[in-house]
Every structure is written in C-alpha cells, then in structure tokens.
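*Asks:* Sequence plus predicted model, see below.
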Amino acid sequence: MRLLTIPEYSTRSYRPLPGGVAGALAKTDAVRVSVDLEGRTQLISRSYVGVVRAGDVELRITPKLPIRRLLWLIGYASDPKGWHDEQQVDLLETDELVAAMAVSFVAASTRALAHGLLHGYRVAEEAGITLRGRLREADQIRRRRSVALPLEVRYDDYTVDIPENRLLLSAALRLRHLYGLPPNTRGALHRLVALMGDVTPLIPGRQLPTVRFDQMNRHYRSAVLLARLILSGKSLEQPPGATTATGFLFDLNLVFEKWLTTALREALLPYGGQLRGQWPGHLDVGKSISLRPDMVWERGGKPAGVVDAKYKSLYQYATGANPDLYQMFAYCTVLGLGAGHLVYAAGEQTPGGCVVMNTETTISTWAVHLDKPVSELLAEVNQLAGVLSILAAEPTGMSPWTTATDAGTHLSFAQ
C-alpha cells in the first residue's frame, strides 16, 4: 500500500500514479490531479479532509487546524448546548483524522458499555391478538372495520433499540469498513456491532435522532457525541469501474458554514428575530436565477442582515478582484440591505470593508480565528451579532464602523 499525505488547500507532486488511480482520485472532488513539468503526478487539495483509497494508494488529506478543534466545530454545529468545551471528548492526539476518531470512539464506547447495553422505553405500535397498552381506536376502525382481531395497539416497550444505541451501532458500521485503522480498533468495532444484534441501524441520509442526557444515560455522553461526529462525515463510495475510490471525508467549507450559522444564531438570541440558513431567493424578477445566501437574519418578517461564510484566506484576493464582494453586493441589492458581511477563516490579509461606488452599500469582511480559545472564538461571533443588531436599527447605508463607534462598540475587524 502506497501512502500519500497532503494538507488541505495545498499542492504537492509525487512519483507518477497509474492513470486509473489518478482518475479515481480526481472523481472524488477531494483533489485536482495534473502532471507537473517533471512528469510527476501533482495533487491540489481543496476543502476536504479525511482519507481516500484508490487501488493500492491511500491518500490522507490533513486539516491545518488541530483535530480536537476541528471536531469541536463539527460537534458545536450539531448541538451547541452539548459542546460547550472542546475537552469534553477524549481524542487521540494524532495528525490522522479518521484513526483519531475511530480509536477515540472505541475507547468511549467501551467505557459506555462496561455495564451492558443501555435500555429505555420506546413507543411501539403494532397489531396483535391481545390488548397491550392502549387501543388505537381510529386505526382499528380504519384498518379492521368490523373485524375484532387483530387489535391495533400502542404501548411503551422497554428495549435496547433506543437512539443512543442506534447512534453507536451506525457509527461502528461506518468506521469498520474504512482502511488504515489499527487492527485492535477494527476488532473492537466488530465486537461492538456483534453486541448490538438487537439494535436497528439508522437509515443513511435521514436526520440524526436527538439525545437528551440525564442521570440514566450520562455515561453514554462521550460515545454519543463522537458517534454524531462520525455520522456527519461523507462516506465516499464510487460506482464500480476499472479503479474506484472509497473513503471518508469532511468538507471544511460546509463545516465552517454550519458552525458559523449555529454560533451566530446563538449569539443573536438576545436581539430577537430569526437567523435562516441557506435563505432561498432569486436575483431576477422572473425568478430564473437563484440566490442562496448562507445566512439571513430576519426581524418582523423582513431581512435585517446578511452574512456569507468563506472557509478560505483573504490573501487569495490580495492583488486582484474578489468575486465574493460581487456576490455579496447582489445579496444586498435583492434583500434591500445597506450592509453585507463576509466572514472568513482568518488569513494573512487584514480584513476591512468597502463602500460600493455610486451606492451607500457597505460590504464588510471579517476574520474569525478558529485556533483561538473557544471563549475568544465565540466572542468574535458575538461581536458580529452586536454589529448586526446595531445596523438593523440604523438608517440604510450607515457604515458599520461609524455605527459601532457611535454606539460605543470598539470594533476591530482583525484582532
């Protein structure tokens, strides 16, 4: 097995790969594949991180952020109440994302199941010849009419087939087929699946069940949080062909967008209104050209602020046009707003803003520092929420810098 490693958003050259393998990797969209001037295979990674295998080549795309912080971002996006601190889940300290998740998940699941599978009550509905629980009268009349048996009943069933166990089983099933796991970790995953023979796996693509923790299930907490992380990743399975690729990936563009949406929604709670993700709209009157801003804050049923998340460095546009500005100007025009906000993962260039020529529209660029302590990172999002609330109360076209200063807020776009 040939192992290749490349960081996210990087370019590296390797000794030539077979054509079928190179083609399979290119089809994943995780990397662009070309040939450099010396005839070597050149891989250009994008926003995906994780592991991909094609033929006898395993490609690991590593995040620039520490794995613990990356997984905190993913976890917070799915459950901000459950992810106050990135230290809540014990993670293996390694640069290999999938192995870290698998080893940590096995350790957490082993602790959770030390005293056996958790049982709980689940509402069950079925037809039977004896009355158990309560009769579902409407279903009985509709389905059976004048026939007395069987009876349509509803009852509370004490079972192991509960959301906590279904999450653990589904995560184990996803992990055990991945390559590059330590043998003892793979064996532990097989044992975990065997132990849960009476548990039903979750249906792929459906929303993950919500779990509320209390005295009865708190020992499952770390295992469930890790299971949710694992199930949020993209399982890569290509159609059969000469050479296919399989793998497990996270798209950091989506991770950053979902995290920022959740964090900003929490930060805006004191100001009322509603933050809508992936706001559906159109550029033209005929509604043939769609627009979908990442976040639109509405108050009184009307747009009060628009934000777009960009997981890329501002320095990419240091010497040229920034298409993100054009996109945001279109959002502001359609929404009737005098200010729009682009939020980047912090890069090398100082953020700031601009006023569009012949208009009063201001486009502000922000940079959040994902490697800062959690409290400081969330404070940066709270700062953006405060500016959005101030602008919503000011006349259209008021500059964010002027507004923030007048309100006594010392705003720094690059801290």
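*Replies:* Happy to help now that I have it. A quick note: this is a predicted structure, and the numbers were derived from the prediction, not measured. Numbers count the residues shown, from 1 in each chain.
*Asks:* Point out the other helices and strands that the helix or strand where Tyr331 lies packs with.
*Replies:* Using DSSP states H and E, the element containing Tyr331 is helix 323-335. The contact analysis (3 or more CB pairs under 8 Å, 6 or more residues apart in numbering; DSSP states H and E) places helix 323-335 against strand 281-282, strand 290-291, strand 302-310, strand 339-345, strand 362-368. From N, CA and C alone the C-beta is placed, and that goes for glycine too.
*Asks:* by contact count, what packs against the fourth one?
*Replies:* In this case it means strand 339-345. If you count contacts as 3+ CB pairs under 8 Å, 6+ apart, strand 339-345 packs onto strand 302-310, helix 323-335, strand 362-368, helix 374-392.
*Asks:* CA atoms of it as CSV?
*Replies:* Taking C-alpha atoms only, strand 339-345 is exported to CSV below (Å, rounded to 0.1, in the frame of the first residue of the first chain):
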residue,chain,number,x,y,z
ALA,A,339,-24.7,46.4,4.5
GLY,A,340,-23.5,42.8,4.0
HIS,A,341,-20.9,40.8,5.8
LEU,A,342,-18.3,38.2,4.6
VAL,A,343,-16.9,36.1,7.3
TYR,A,344,-13.6,34.3,6.6
ALA,A,345,-11.5,31.9,8.5
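*Asks:* buried stuff in the next helix or strand after that strand?
*Replies:* Per DSSP H and E, the first helix or strand lying C-terminal to strand 339-345 is strand 353-355. Across strand 353-355, burial judged by 16 or more other CB atoms under 10 Å covers Gly353.
*Asks:* next one: stretch 291-311
*Replies:* Quick answer for stretch 291-311 (16+ other CB under 10 Å): 291, 293-297, 299, 303-311.
*Asks:* Show me the two of these that sit farthest apart.
*Replies:* Of all pairs drawn from the buried residues of stretch 291-311, the greatest distance, 27.5 Å, lies between Arg299 and Tyr311 (CB to CB).
*Asks:* what mean pLDDT does the helix or strand Val103 falls within have?
*Replies:* Secondary structure from DSSP H and E places Val103 in helix 97-112. Taken as a whole, helix 97-112 has an average pLDDT of 86.
*Asks:* any idea how far Pro280 is from the nearest residue to Tyr48 once chain neighbours are set aside?
*Replies:* Leaving aside its sequence neighbours, Tyr48 sits nearest to Ala30 (CB to CB, 6 or more residues apart in numbering; 4.1 Å). Plainly put, Ala30 is 28 Å away from Pro280 if you go by CB to CB, to the nearest Å.
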